[in-house]
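Chemist: fold the following for me, if possible:
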Amino acid sequence: MKHAVMLGSAPDKVLDTKLVHIEDSDTRLGLIKDHKFAIVKFSADWCGPCKRIAPIYEEMANKDTDDCVYMSEDIELDCGEYAEEISALPAFHFFRDGVFIGKLLGCDVDVLVKKIEDLKSI
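Modeler: Numbering: from 1, shown residues only. Just a heads-up that it's a prediction; the model follows:
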């Protein structure tokens with residue numbers, strides 16, 4: 001199911017997508033707890049690989065029919081407790097039933113797709 005997601009505080013920036021743009025750790029933690037499977041992509045505006053994978057990641061979010069939430073968070077805003085764990089961008093963190101189950105660094109689409117499939121099948 002698609003829903004409108006606010007980007008930033010500007011009310012004119014609303015998209016019809018399943019990708020949720022996170023601006024604070026409380027929102028991220030709530031969404032992780034509310035979904036069977038959750039993916040957080042940590043990125044930055046200045047990161048070239050992050051920009052290249054962004055539309056592909058959004059397409060993956062929109063096509064996923066499972067109880068999975070896809071989030072995107074700018075590390076320049078607030079990545080909270082995960083700040084020390086992010087050594088490269090983009091960084092993908094995976095959660096099942098609210099528990100951290102793995103991460104992936106970089107923007108290799110094939111590796112990302114395989115990682116998501118593998119983790120969902122556990």
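
Chemist: pretty sure H93 is touching F42, no?
Modeler: Yes - counting by C-beta atoms under 8 Å, H93 does reach F42; the two are 7.1 Å apart. All C-beta spots, glycine's among them, are computed from the backbone N, C-alpha and C.

Chemist: so the residue lying closest to R96 once chain neighbours are set aside versus G106, what's the distance?
Modeler: Of all residues not flanking R96 in the chain, F37 sits nearest, at 5.6 Å (C-beta to C-beta, 6 or more residues apart in numbering). Using C-beta to C-beta, to the nearest Å, F37 is found at 21 Å from G106.

Chemist: where does pLDDT dip in the chain?
Modeler: Low-confidence segments of the chain (pLDDT under 70): 1-16, 78-85.

Chemist: make it 80
Modeler: Filtered on pLDDT under 80, the chain yields the residue ranges 1-17, 77-87.

Chemist: re the thing from before, who's more crowded, H93 and F42?
Modeler: Legend: neighbour count by other C-beta atoms under 10 Å for H93 and F42, higher for F42 (25 against 22).

Chemist: what's that one sitting at in phi/psi?
Modeler: Phi and psi for F42, reported as degrees, to the nearest 10, are phi -90, psi 130.
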